[in-house]
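K.L.:
Sequence and predicted model, in that order:
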Amino acid sequence: MTAVDEPIALAGAPVEGPSAAVLRDEQRRHRTARRANSRFLLLARLASLIGFLVVWELASGTIVRPFFISSPTAVVGALAEWIESGELWFHGQFTLLATFLGYISGSLAAIAIAWPLGLMPRAYRISEPYFLIAYSVPAVAMGPVFILWFGLGLTPKVVLAAYFVFFIVFVNTVTGFQQVPQGMVNVTRVLGASRVALLRTVILPSALPYILAALRITLPAAMIGAVVGEFIASNRGIGYLTRAAAAEYSTAGVIAGVVVMSAIVLTMTLLLRPLGHALRWQQEVKVNRGTV
Amino acid sequence: MIARAAPRVLADVGRRYRAQLRVDRAIVLGGIAAVGIGFLLFWQFGSGYIVNQRYISTPVDVAGSLVERLGSGDLPRHVGATMIAAGGGYLIGIAVGLIGAFALLMTRRGYEVLEPFLLAFYSIPKIALAPLFIMWFGLALTPKLLLAALMVFFIVFMNTVAGVRAVDRGLVDVARVLGAGRLQLIRRILIPAAAPSIMAAIRVTFARAMVGAILAEFIASREGLGYMIVRAARQFDIATVFAGVVVIAVLVMLVNTAIRLVEARLFPWASRTVEA
């Protein structure tokens, strides 16, 4: 809550005389304060991280039974074992494959359906109630259905991942096409733009931020879909690995699985972050995140 | 001449416009009905030509399964179990999220220090914790409740923090100068000003609580809608699976409507956006 405010200097007005010295002084003090502030933050963050790990390690086996919380060293040990035996890579590739296939097919399907609907208001109004109904089914609930339809292999995970992605991209794509400024469309038409030109110069540029924003946030959703599929029924994948560890009452293994999934999600989020800034002509848009 | 004709022309235009609106509305409503009925009819009679009916059942069978389970008391029991877990988790998640956010914001630098950890924790797929919770707490209510609460907690927490941090500094400073204490500051300034973003979180999170409860039931449980669906799926009873999905959708829509009504009564000024 504490923001160190920049001392005010009027733009364009060169400051001279004694006030210049005061201003310089003030700016120097401000810089020092800011440096001290960021050093404090870094130290405090490091301290709380180390403190957390140490307390966890010490509490395990003394205050709380290791069965409940395991310990940092045990978790690292479980991770190392997975890496050494090649299990992590073996299971990871299935989860990642299902995630990417589902992400791509889900978002392509969503854009292909939402594009025409976003541009045809009446067709959208007719189909809207059905999309709302389908949207309010928690995607997780479709897991057993897809497994029943497609068996235990890769397909149900891909479909589930695609389903997790579909509605978020769909809703945001429709919003993107619907909020294209009608005045601008009319002006462009009056000026004689062809359909293609209209699409390229007006409609896409103003709808694209919504679509890209949805694409940016749905990759983690796709992975959650794939993992849910693996939780419910599968014989490989990170979700299976985690569940198998739980079946053996290996707390360290379960926590290691959670750590792996979180690391994947974090990496995806960081990798896709530039997508949000790719379009400099529009400000950040509000994204509908759905209920994943 | 013109002055005398104008009202008539205007009335004419108005009439024609209204007629057009009526036609438009009739087309949309008719279209909605046609799509819905067409879909059900095709599902009932036509789909057998494309896919084996065993995979997709029929609307009549789904309705039959619903009625049968309603009659046997099976469905109410499962709905009750899921709603207790989802509803309880929802309330716990909201309460803990609000209290946690305000407690953290009352410390001078707490939020700044913990921010990276909170973001990292936020990015953990919460459902990944389901096996852990089940391992810890068994098959009863506790793991479902916890998972539902956790699904809700972070959204409420993050939205509250974002809402409070966005409160106009000037308001806070003026209230302080006028001698407001901590509690007064929270009650009079921070909560009302952050209400829109808090309410937005509360509004959208029931479906997430439902997801948490159902997922825990999928993995391991003895009652609840998720249990009913998974068991029916194992028996290849696809009509019951769809019946369960329909019930879940109806429950989510009902609760969301109720929340929206309550919200419109309590906080008519709160706008409709989510920050998290």
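P.N.:
Structure received. Numbering: from 1, shown residues only, chains lettered A, B, ... in the order given.
K.L.:
next one: stretch B:158-165 to chain centre, how far?
P.N.:
Here the centre of stretch B:158-165 is set off from its chain's centre by 20 Å, with CA atoms, centre = their mean, to the nearest Å.
K.L.:
and the residue sitting nearest the centre point of chain A, what are its phi and psi?
P.N.:
Centroid check for chain A by CA atoms, centre = their mean gives residue A:217 as the closest residue, at 3.7 Å. Per-residue torsions, residue A:217: phi -90, psi -10 (degrees, to the nearest 10).
K.L.:
Relative to residue A:180, how far out is it?
P.N.:
22 Å (CB to CB, to the nearest Å). Any C-beta I mention is one placed from the backbone N, CA and C, and that applies to glycine too.
K.L.:
same thing with residue B:129?
P.N.:
Counting by CB to CB - residue B:129 and residue A:180 are separated by 41 Å.
K.L.:
Compare neighbour counts for those two and give me the winner.
P.N.:
Legend: neighbour count by other CB atoms under 10 Å in any protein chain shown for residue B:129 and residue A:180, higher for residue B:129 (24 against 18).
K.L.:
Where does pLDDT dip in the stretch 1-150 of chain B?
P.N.:
In the predicted model, the stretch 1-150 of chain B carries pLDDT under 70 at residues B:1-3.
K.L.:
so what's the backbone phi/psi at residue B:38?
P.N.:
Dihedral pair for residue B:38: phi -60, psi -40, per degrees, to the nearest 10.
K.L.:
which parts of the stretch 51-200 of chain A sit against chain B?
P.N.:
Those residues of the stretch 51-200 of chain A that sit near chain B, judged by CB under 8 Å from any CB of the partner chain, are A:68, A:122, A:125-127, A:129-130, A:133, A:136-145, A:147-149.
K.L.:
quick one: the helices in the stretch 1-150 of chain A?
P.N.:
With helices called from DSSP state H, counting those that start in this stretch, the stretch 1-150 of chain A shows them at A:18-59, A:66-69, A:72-85, A:87-119, A:121-135, A:143-150.
K.L.:
Figure out which of those helices is closest to residue B:56.
P.N.:
Residue B:56 lies closest to helix A:143-150 among these, at 8.4 Å (CB to CB).
K.L.:
What is the subsequent helix or strand relative to the closest one?
P.N.:
helix A:154-178 (DSSP states H and E).
K.L.:
helices or strands next to that next one in the packing?
P.N.:
Judged by 3 or more CB pairs under 8 Å, 6 or more residues apart in numbering or on different chains; DSSP states H and E, the packing partners of helix A:154-178 are helix A:87-119, helix A:121-135, helix A:143-150, helix A:204-232.
K.L.:
Could you pull out the buried residues of it?
P.N.:
Going by neighbour count (16 or more other CB atoms under 10 Å in any protein chain shown), the buried part of helix A:154-178 is A:154-177.
K.L.:
Equivalent analysis for stretch A:93-101, please.
P.N.:
Buried residues in stretch A:93-101 (16+ other CB under 10 Å): A:94-96, A:98-101.
K.L.:
any weak-confidence spans in the stretch 1-150 of chain A?
P.N.:
Along the stretch 1-150 of chain A, segments meeting pLDDT under 70 span A:1-17.
K.L.:
redo that, cut-off 50
P.N.:
Counting by pLDDT under 50, the ranges of the stretch 1-150 of chain A that qualify are A:1-7.
K.L.:
is stretch B:67-83 up against chain A anywhere?
P.N.:
No - remark: stretch B:67-83 sits outside contact range of chain A, by CB under 8 Å from any CB, the gap being at least 10.7 Å.
K.L.:
Show me how far that stretch is from its chain's centre.
P.N.:
Taking CA atoms, centre = their mean, one finds the center of stretch B:67-83 at 21 Å from the center of the full chain.
K.L.:
And for stretch A:72-88?
P.N.:
In terms of CA atoms, centre = their mean, the centre of stretch A:72-88 is set 26 Å apart from its chain centre.
K.L.:
Give me the contacts around it.
P.N.:
A:53, A:56-57, A:60, A:66, A:89, A:241, A:245, A:250-253, A:255-256, A:259-260 (CB atoms under 8 Å, 6 or more residues apart in numbering or on different chains).
K.L.:
change it to 7 Å
P.N.:
Contact partners of stretch A:72-88, identified using CB atoms under 7 Å, 6 or more residues apart in numbering or on different chains, comprise A:53, A:56-57, A:241, A:252-253, A:255-256, A:259-260.
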